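In: Sequence and predicted model, in that order:
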Amino acid sequence: MDMMFMVVLFVPFALIIFMQTRREKKRKAAVQELRDSLSVGDEVTTIGGIVGKVVQVRDDFITFETGEDRVRIRVAKWAISTKGKAAEEQEEKAEKQ
């Protein structure tokens, strides 16, 4: 009886942990795919909220221009959070709040 009680307690927790790690793994794979698919001309937003257009892509770094003054910023690829329409939607949500 005690063993069955332990199994009943353990299985739900194991299932929850499994589902969370699986979801996190999928999210990380999607983010990595986004960063690997960056190309010149893409609109991107960094994790710090800087928005710009990609002008150069290298193995670990990208360079993008911001605004009309055409300031170029070089960042590591891991610093990119969104690309394309997602960046624009994120800006619109920020303006509404």
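Out: The structure has been received and is ready for your questions.

In: Return the list of helices and strands in contact with the helix or strand encompassing Phe5.
Out: Applying DSSP states H and E as the criterion places Phe5 in helix 2-36. In terms of contacts (3 or more CB pairs under 8 Å, 6 or more residues apart in numbering; DSSP states H and E), helix 2-36 is packed against strand 80-83. For the C-beta atoms, the positions are set from N, CA and C on the backbone; glycine is no exception.

In: still on that earlier bit, going along the chain from the helix holding Phe5, find the next helix or strand for me.
Out: That would be, after helix 2-36 and using DSSP H and E, strand 43-46.

In: Can you pull the poorly scored residue ranges out of this protein?
Out: Flagging of the chain using pLDDT under 70 yields the residue ranges 1, 85-94, 96-97.

In: 90 instead?
Out: 1-9, 11, 31, 59, 67-70, 82-97 (pLDDT under 90).

In: returning to that earlier point: what about the helix holding Phe5, distance to the chain center?
Out: 19 Å (CA atoms, centre = their mean, to the nearest Å).

In: Thought Gln56 was touching Ser39, still the case?
Out: No. Using CB atoms under 8 Å, Ser39 is not in contact with Gln56, being 10.4 Å away.

In: Which of the two has more residues huddled nearby?
Out: Gln56 (12 against 9; other CB atoms under 10 Å).

In: what's the closest non-adjacent residue to the more buried one?
Out: Of all residues not flanking Gln56 in the chain, Thr63 sits nearest, at 4.1 Å (CB to CB, 6 or more residues apart in numbering).

In: And for Val40?
Out: Val54 (5.5 Å).

In: in the sheet, who's paired with that neighbour?
Out: Beta-bridge pairing of Val54 under DSSP bridges involves Phe64.
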